[in-house]
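Peer 1: I would like to see how this sequence folds:
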Amino acid sequence: MGLKRLIRSLLAVGAIGGATLLAAAPTASAFGPSYCNSSTCSLSNSPSTGGIYFEMPRNTPVTMLCWTDNQWWNGTNRWFKVNSTYGQGYMIATQVSNQTSVGHC
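Peer 2: All right, here's what the predicted structure looks like:
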């Protein structure tokens, strides 16, 4: 009987501790800094493949400015407007790692 009570107490303490950890965890939407996660990432002058003008190398840092939904490509229709060392343009969301929270364009 004492062992069951001890186990219940330990489980209760663990649940409370776990809830505290979850409450203190940072949100995933503001991780940054953002970067190109593919072997090359397409930089476009519009949120579509028709405007692609440059292929950035992997790990190129980008600053996310805003998002918009347009042409479906590579599994999503979400595009981010970004600044990079290669200029300002749009990138498909699946090629941006460590995405930060930005507003709609």
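
Peer 1: buried residues, the longest strand along the chain. List them.
Peer 2: Longest strand in the chain, counting residues (DSSP state E): strand 61-73. Residues of strand 61-73 classed as buried: 62, 64, 67, 70, 71, 73 (neighbour count, 16 or more other C-beta atoms under 10 Å). Bear in mind the C-beta positions are built from the backbone N, C-alpha and C, glycine included.

Peer 1: ok, and what's touching it?
Peer 2: Taking contacts as C-beta atoms under 8 Å, 6 or more residues apart in numbering, the residues outside strand 61-73 that touch it are 33-36, 46-50, 56, 77-85, 88, 90-93, 96, 99-100, 102-105.

Peer 1: now the buried members of these.
Peer 2: For the contacts of strand 61-73, buried by 16+ other C-beta under 10 Å: 34-36, 47-48, 56, 78-82, 84, 90-93, 96, 99-100, 102.

Peer 1: just those: which are in strands?
Peer 2: Per DSSP E, the buried ones among the contacts of strand 61-73 map to strands at 34-36, 56, 78-82, 84, 90-92, 96.

Peer 1: CSV for those, including pLDDT?
Peer 2: Listed next are those as CSV, based on pLDDT from 0 to 100:
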residue, pLDDT
34, 97
35, 97
36, 96
56, 96
78, 98
79, 98
80, 98
81, 98
82, 98
84, 97
90, 98
91, 97
92, 97
96, 97
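
Peer 1: in JSON lines, list these along with distance to residue 42.
Peer 2: As requested, these are exported to JSON lines (distance: C-beta to C-beta, whole Å):
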{"residue": "34", "distance to residue 42": "15"}
{"residue": "35", "distance to residue 42": "14"}
{"residue": "36", "distance to residue 42": "9"}
{"residue": "56", "distance to residue 42": "8"}
{"residue": "78", "distance to residue 42": "14"}
{"residue": "79", "distance to residue 42": "10"}
{"residue": "80", "distance to residue 42": "12"}
{"residue": "81", "distance to residue 42": "14"}
{"residue": "82", "distance to residue 42": "11"}
{"residue": "84", "distance to residue 42": "12"}
{"residue": "90", "distance to residue 42": "9"}
{"residue": "91", "distance to residue 42": "7"}
{"residue": "92", "distance to residue 42": "7"}
{"residue": "96", "distance to residue 42": "11"}
